[in-house]
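Undergrad: let's see this in three dimensions:
(2 chains)
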Amino acid sequence: MKVSSSLTLGLSLLAAIALPSCSKTESSVSTSTPADPISASTPDAPPNAVSDELTFLDLEKDTLKFGFIKLTDCAPIVIAKEKGYFDDEGLSVAVEAQANWKELLNRVINGDLDGAHMLAGQPIGATVGFGSQADIVTAYSLDYNGNGITVSNEIWEKMKPAVPKGADGRPIHPIKADALKPIVDEAKASGNKLKMGMVFPVSTHNYEIRYWLAASGINPGFYFDPTTKQVDVPGFLNGDVELSVTPPPQMPAVLEAGTICAYCVGEPWNQQAVFKKIGVPVTTNYDIWKNNPEKVFGVSKEWADKHPNTWIAITKALIRAGKWLDASLENRKEAAKILSQPNYVGAPYEVIANSMTGTFEFEAGDKRPMPDFNVFFRHNASYPFYSDCIWFLTQMVRWGQIAEQKDDAWFHETAKKIYRPDVYEKAAKMLIAEGLAAESDFPFGSDGYRAPTSDFIDGKAYDGREPNAYIKSFEIGLK
Amino acid sequence: MAMNTATTANPATSLEGEKPSGKKWRYNPHKVAHTLEKLGLGYFSPIARLIGRDEPAKQVRAIAQNTFLPLLAFAVLLLGWQVCANTVATDSQKIPSPAETWSAWQDMLAFSAAERAKEAAYYQSQGERVARFEAMALQAHEAGNTQRAQAIEKRMASESTKVYQGTTTFFDQIGISILTVLVGFILATLVAIPLGILCGLSPAVNTALNPLIQLLKPVSPLAWFPIVFVFTTWGIDQAPASSIWQRALFTSAGVVTLCSLWPTLANTAVGVAAIDKDHLNVAKALKLGWFKRLWKIVLPSSLPLIFTGLRVSIGVGWMVLVAADMMSQNQGLGKFVWDMYQNGDTASTAQIIIAVFFIGGIGFLLDRIMLVCQRLVTFEEQTV
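TA: Purely as a prediction, here's the structure:
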């Protein structure tokens, strides 16, 4: 806390340089078109201004309750509430923290919650029947990136000498798990496999840490062995390490207790580890896959069928919140302040602001600009691309969560069942008509597949149109 | 203890009875002290006696003892707490000091006040929105767009009835916790007393149920939760988000019921089985019907034991409630503790300590209320 004032100062300077520069490079999805009413609005503008052009959707239900987990990427939901965007749509929304991802999903399935902040893998896992079986759908992607992998101080001390360094003596990023491999092998040989934490079996974090480890030849373990037909619920099968579930807010404490020696989690729980000097974040998921999908706003299919207009209204409010979050650094700071309230994320402002305002601190003092560490709206982060859904499906097959062989058509059909860009586009068009968004904010005319990319830590190319070819390209993984 | 004071108080009551009219009120230290003791306010009874000049020296000593010894213990606790706060600290967490806890308490009050202010602001903006809609509807009518006007009017109507859905503050959560435990406790009572009576009256029923009761009695609330969750999901429709009767409340209450019904059940069974045989014989001689016998003989004579059971039950219920709330996400104190735990800040640990004091205090209060009820029926039983 002592360093906080100088830190925030330095951080805001860095981010002030970083944030605008990134919107320049991405001119196609520029956030500051002159017609953009959000960035044009002054802080004095009434939060509940009702546009003359407002579409009055015939709401099936107007009193709602949403769940979230204490992570910074619940921000669009919290901002839509706090800024009155839900109210503008005629929705009265309660936002309630949930104990863990399993509980949150169960409560969406049974109707206790109308919708929730979900791991992108949750609607997919539920729909294909890994874990709780239920049809969950999404029309809004809450954010890209936002996760990190943190190792304990002890592991970092061992890893550090093997990490390539630049002229300034600082590690060259991205840090691969190559430096970790000898430690993993040594531990495995001694009969005590390293234990690592991730937040949920179908979480991005699980796939990311597995991806990172496997990219350096470390086998993270499988959920299924096709030769013996053996199913392993914890996913330890044939692994060089043991990856198990720990709820996000408990990660730092569990790391400190020595139960695990590394974890992959969303913010603020990596920055918390640096602040409290209990661990060192070594990489972020931005380095593992640039602009990877992270959380979505999920509702049950049954709910969506019963409340189509309400769903559009919610999506409208969320789009506005996403736009607001990416509009300026001031907004990010304000959001960090709001999120630090005990009823939302509740971690100290400095910790939340560290990653939300365009920087990320690795080793203590090694703070680097990461303008895209949290992306809520830029780069079309809020659009539910089928190809994002399919990536998760490929990873589920890769690690044996989906046991059967599937043809490419199955991937496309499944993605179209779960991801609903049609709902998103309806909401977007209404916002444009109301003057609250610009045509250029949205990727209209997209077929739902992002352009093929090889922006991965191992340089593998991913094309959502050919999932099986992608699955076959991995050295470690089921095919 | 109640009986002892009752006998010593007897001369006083007879004295009072000799008063010619009863208009002239005279302070009777014995009677007041006795009443206070019966109400579970034993601490004040030496004060009452002192006012009545009843063995003043003895009363002063009692007051001093009753006051200073607990204060001393509390001071030791504070000291120990401060020592812990100075020593028990890891890199990621620490025990907050009493001073930090006090400031956390003030934060909580401020947060609660801010939440109330937000509520007021919401209703103000709601009024503004409704007014705006009204103007827009009029505009649409004038423009001849009836369809849009109707849509706006519909929104206006729903807007004006909307309730503020803010954050449940700590004080709201206390209220919800008490409500939950009462729902669970009432359910438990409704199940336990009839079952207990059946067990007490019929040795066959008792033999049949006893193994089951023994088996289920020690089960932890955490184990009951997933089972209750299935039942409430199946049997209870989710109320609107703004209603207090959320399904999670019933899940929590269900767990409370399952954990707290056993003491009442066991005590009722024992109480009913131990009824004086003479009473039952009299009932037989009078040819009382089954219900009349139950109402006139069985219930009155087993009431003291039933209430002893109820008192234990509500204590158990309150104790398991925190765990049940954590699991079911019912907006009670358990959820508060869990949320604060997840915040993982020293200030949030301090808020948990505040919650611990409140949980203890309310548990104590509930126990006192049941104690008073228990003493009232015990007393009645003796006078009847």
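Undergrad: pick out the residue of chain A closest to chain B.
TA: Scanning chain A for the residue nearest chain B gives A:G346, at 3.0 Å (criterion: C-beta to the nearest C-beta). Bear in mind the C-beta positions are built from the backbone N, C-alpha and C, glycine included.
Undergrad: now do the same for that residue: its pLDDT.
TA: A:G346 carries a pLDDT value of 89.
Undergrad: now do the same contact list for the residue lying closest to B:T346 once chain neighbours are set aside.
TA: The shortest distance from B:T346 to any non-neighbouring residue, by C-beta to C-beta, 6 or more residues apart in numbering or on different chains, is to B:P96 (5.3 Å). By C-beta atoms under 8 Å, 6 or more residues apart in numbering or on different chains, the residues touching B:P96 are B:85, B:104, B:346-347, B:349-350, B:353.
Undergrad: pull the contacting residues for the nearest residue to the residue of chain A closest to chain B once chain neighbours are set aside.
TA: Excluding the flanking residues, the one nearest A:G346 by C-beta to C-beta, 6+ apart is B:N343, at 3.0 Å. Shown in contact with B:N343 (C-beta under 8 Å, 6+ apart): A:70, A:249, A:342, A:345-347.
Undergrad: mind putting these into CSV with neighbour count, secondary structure and distance to B:D276?
TA: CSV is the format used below for the contacts of B:N343 (neighbours: other C-beta atoms under 10 Å in any protein chain shown; DSSP: H, G, I helix; E, B strand; the rest coil; distance: C-beta to C-beta, whole Å):
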residue, neighbour count, secondary structure, distance to B:D276
A:K70, 25, coil, 60
A:P249, 27, helix, 59
A:P342, 23, coil, 58
A:V345, 31, coil, 64
A:G346, 24, coil, 60
A:A347, 28, coil, 65
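Undergrad: give me the domain ranges for the chain.
TA: Defaulting to chain A. Following automatic domain parsing, one finds the domains of chain A at A:4-144+A:294-384+A:419-438, A:147-291+A:455-472.
Undergrad: hm, I was asking about chain B
TA: Split by automatic domain parsing, chain B gives B:2-85, B:98-160, B:171-383.
Undergrad: how about the shortest one, does it reach chain A?
TA: What it means is domain B:98-160. Yes - counting by C-beta under 8 Å from any C-beta of the partner chain, chain A is contacted by domain B:98-160 at B:111, B:122, B:125-126, B:128-129, B:132-133, B:136, B:148, B:151-152, B:154-155, B:158-159.
Undergrad: now those: which count as buried?
TA: When the residues of domain B:98-160 next to chain A are checked for burial by 16 or more other C-beta atoms under 10 Å in any protein chain shown, the buried set is B:111, B:122, B:126, B:129, B:132-133, B:136, B:148, B:151-152, B:154-155, B:159.
Undergrad: show me which of these is closest to chain A.
TA: Among those, B:A151 lies closest to chain A (C-beta to the nearest C-beta), at 3.7 Å.
Undergrad: name the nearest residue to that closest one, ignoring sequence neighbours.
TA: Spatial nearest neighbour of B:A151, excluding adjacent residues (C-beta to C-beta, 6+ apart): A:F56 at 3.7 Å.
Undergrad: shouldn't that neighbour be in contact with B:R155?
TA: Yes - assessed by C-beta atoms under 8 Å, A:F56 is found in contact with B:R155 at 5.1 Å.
Undergrad: give the burial count for the nearest residue to A:D422 once chain neighbours are set aside, as a bare number.
TA: With C-beta to C-beta, 6+ apart as the criterion, A:D422 has its nearest non-adjacent residue at 7.9 Å, and that residue is A:A139. Number of residues near A:A139 (other C-beta atoms under 10 Å in any protein chain shown) recorded here: 26.
Undergrad: among the domains of chain A, show the one with the smallest mean pLDDT.
TA: Taking the mean pLDDT of the domains of chain A, domain A:4-144+A:294-384+A:419-438 comes last: a mean of 83.
Undergrad: from the chain's centroid, how far away is that one?
TA: From the chain centre to the centre of domain A:4-144+A:294-384+A:419-438 is a distance of 11 Å (C-alpha atoms, centre = their mean, to the nearest Å).
Undergrad: quick check: what element follows the host helix or strand of B:V130 along the chain?
TA: Following DSSP states H and E, one finds B:V130 within helix B:98-142. Using DSSP H and E, the helix or strand that follows helix B:98-142 towards the C-terminus is helix B:146-160.
Undergrad: C-alpha coordinates for that following helix, CSV please?
TA: This file holds the C-alpha atoms of helix B:146-160, laid out as CSV (Å, rounded to 0.1, in the frame of the first residue of the first chain):
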residue,chain,number,x,y,z
THR,B,146,-50.3,4.6,-31.5
GLN,B,147,-48.3,1.4,-31.4
ARG,B,148,-45.2,3.1,-30.1
ALA,B,149,-47.3,5.1,-27.6
GLN,B,150,-48.7,1.9,-26.3
ALA,B,151,-45.3,0.3,-26.0
ILE,B,152,-44.1,3.4,-24.1
GLU,B,153,-47.1,3.4,-21.8
LYS,B,154,-46.6,-0.2,-21.0
ARG,B,155,-43.0,0.5,-20.1
MET,B,156,-44.1,3.4,-18.0
ALA,B,157,-46.5,1.3,-16.1
SER,B,158,-43.9,-1.4,-15.3
GLU,B,159,-41.3,1.3,-14.6
SER,B,160,-43.4,2.9,-11.9
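Undergrad: need the contact list for the residue nearest to the spatial centre of chain A.
TA: What sits nearest the mean C-alpha location of chain A, by C-alpha atoms, centre = their mean, is A:E294, with 2.3 Å. By C-beta under 8 Å, 6+ apart, the contact set of A:E294 is A:73, A:119-120, A:141-147, A:204, A:266, A:285.
Undergrad: how about 10 Å then?
TA: Contacts for A:E294 (C-beta atoms under 10 Å, 6 or more residues apart in numbering or on different chains) come out as A:71, A:73, A:119-121, A:141-147, A:203-205, A:208, A:266, A:285, A:374-375, A:381, A:388.
Undergrad: which of those residues fall in strands?
TA: Of these, the ones assigned to strands by DSSP state E are A:119, A:141, A:144-145, A:147, A:266, A:374-375.
Undergrad: what's the closest of those to A:L318?
TA: A:S141 (9.6 Å; C-beta to C-beta).
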